[in-house]
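In: show me the folded form of this:
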Amino acid sequence: MGISLYFQKENLSVNTSKTRYNHHHHHHLVHNFSHFLYILLCFQVFWITGASRGIGEVLATQLAALGAKLIISARSEVELERVKAKLVGKHASDGVKILPLDLASGEEALREAVKTAESFFPDTGVNYMIHNAAYERPKSSALDVTEESLKATFEVNVFGTITLTRLLTPCMLKRGGGHFVVMSSAAGKTPAPGQAVYSASKYALNGYFHSLRSELYKKGIKVTIVCPGPIETSKSGGAPSSGQKGSSEKRVSSERCAELTVVAATHGLKEAWISDQPVLAVMYMVQYMPIIGYWLMDKIGGNRVEAAANKGNTYSLRLLFGHKKTA
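Out: Next up is the predicted model:
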């Protein structure tokens with residue numbers, strides 16, 4: 001399977017369609033690019049939230065292999081120890097620090113977390129902050145969401161993430177700069193029937209971090225917002241995963257998503273879209289042809305809510321035509 005990449009100065013979109021390519025030439029390019037990333041990232045410090053599973057765990061694995069130093073955070077220290085034990089790389093032992101963290105723990109706890117993170121590598125501090133942690137997406141209609149679910153989603157996805165950023169940014173400014181990598185979602189770029197609250201939280205993140213970058217760009221603060229479509233994520237333990245694959249859903253692997261996230265961040269892209277079809281096409285329509293894009297989402301919205309409620313494929317083109325009744 002080949003990957004079709006489309007680069008713009010501010011945007012990277014990825015279509016994971018099958019293409020023909022020269023295997024030898026592709027291998028040579030990948031080897032050279034990996035060497036370039038190793039030189040670029042060696043001795044850089046990455047702080048990753050939500051690092052105990054899914055894309056966060058894969059990012060930790062790939063960045064460690066590229067020679068980066070890591071601070072890995074999640075609520076479970078046991079799971080973080082498991083992740084650390086399997087990492088391989090130049091700094092995979094002494095250069096990987098575990099920092100248990102709950103984004104919903106409040107400002108004082110997050111302030112202490114920032115102090116601890118900065119103390120791990122006093123010569124450099126945190127160069128890259130990867131905001132990957134997110135509350136499990138509540139799959140319900142916009143009217144059925146509970147107050148508890150609404151607050152829990154925003155506490156982690158928005159309030160905790162913004163507070164952590166607000167506390168860490170002054171440390172970066174003292175050093176002359178830093179880079180925030182925000183794992184948002186395609187649901188932060190388009191309507192997401194059946195996931196209205198999750199979508200709202202990602203729109204909020206996009207708005208805050210684009211504004212933050214505009215305010216502090218001249219002072220050295222960079223922001224890369226990554227908007228993945230449906231991702232095939234691995235999970236550990238018995239916790240439910242929003243990334244479980246439906247029988248006919250096309251998803252990008254968490255490994256490929258992490259790889260392209262590193263590419264987007266190291267190239268200083270402001271925004272990156274990583275998705276298979278049809279989600280990527282919908283993102284383009286909503287962005288560049290909103291009349292058509294919103295018409296399409298309005299047409300499939302009710303069917304998508306029903307599919308989400310039945311734990312079916314919420315990304316199928318068949319949603320356009322409704323569901324066939326079976327005897």
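
In: and the contacts of the helix or strand harbouring Lys97?
Out: Element membership for Lys97 (DSSP states H and E) is strand 96-98. With contacts defined as C-beta atoms under 8 Å, 6 or more residues apart in numbering, strand 96-98 is touched by 60, 64, 69-73, 77, 80-81, 84, 87, 117, 120-121. All C-beta spots, glycine's among them, are computed from the backbone N, C-alpha and C.

In: where does the chain dip in pLDDT?
Out: 1-39, 137-138, 233-249, 308-309, 311-327 (pLDDT under 70).

In: biggest strand in it, by residue count?
Out: The longest strand of the chain (DSSP state E) is strand 221-228.

In: where along the stretch 101-250 of the chain do the strands fall?
Out: Using DSSP state E, counting those that start in this stretch, the strands of the stretch 101-250 of the chain run over 128-131, 178-183, 221-228, 231-232.

In: count the neighbours of the nearest residue to Tyr208 once chain neighbours are set aside for me.
Out: Closest residue to Tyr208 apart from its sequence neighbours, by C-beta to C-beta, 6 or more residues apart in numbering: Ile162 at 5.7 Å. Neighbour count for Ile162, taken as other C-beta atoms under 10 Å: 17.

In: thought Ile162 was touching Ser211?
Out: No. Using C-beta atoms under 8 Å, Ile162 is not in contact with Ser211, being 10.8 Å away.

In: any idea which of the strands of the stretch 101-250 of the chain is most buried?
Out: strand 128-131 (a mean of 27; mean count of other C-beta atoms under 10 Å).

In: got the contact list for Ala204?
Out: Neighbouring residues of Ala204 by C-beta under 8 Å, 6+ apart: Phe154, Asn157, Val158.

In: how much space separates Arg53 from Cys42?
Out: Note on Arg53: its distance to Cys42, by C-beta to C-beta, to the nearest Å, is 26 Å.

In: of these two, who's got more company?
Out: Using other C-beta under 10 Å as the criterion, Arg53 and Cys42 rank with Arg53 on top: 22 against 14.

In: okay, which residue is most central for the protein?
Out: Nearest residue to the geometric centre of the chain (C-alpha atoms, centre = their mean): Met183, 2.5 Å.

In: how many other residues sit next to Tyr284?
Out: 16.

In: packing partners of the strand or helix carrying it?
Out: Assessed by DSSP H and E, Tyr284 sits inside helix 279-288. If contacts are counted by 3 or more C-beta pairs under 8 Å, 6 or more residues apart in numbering; DSSP states H and E, helix 279-288 sits against strand 11-15, strand 271-275, helix 290-309.
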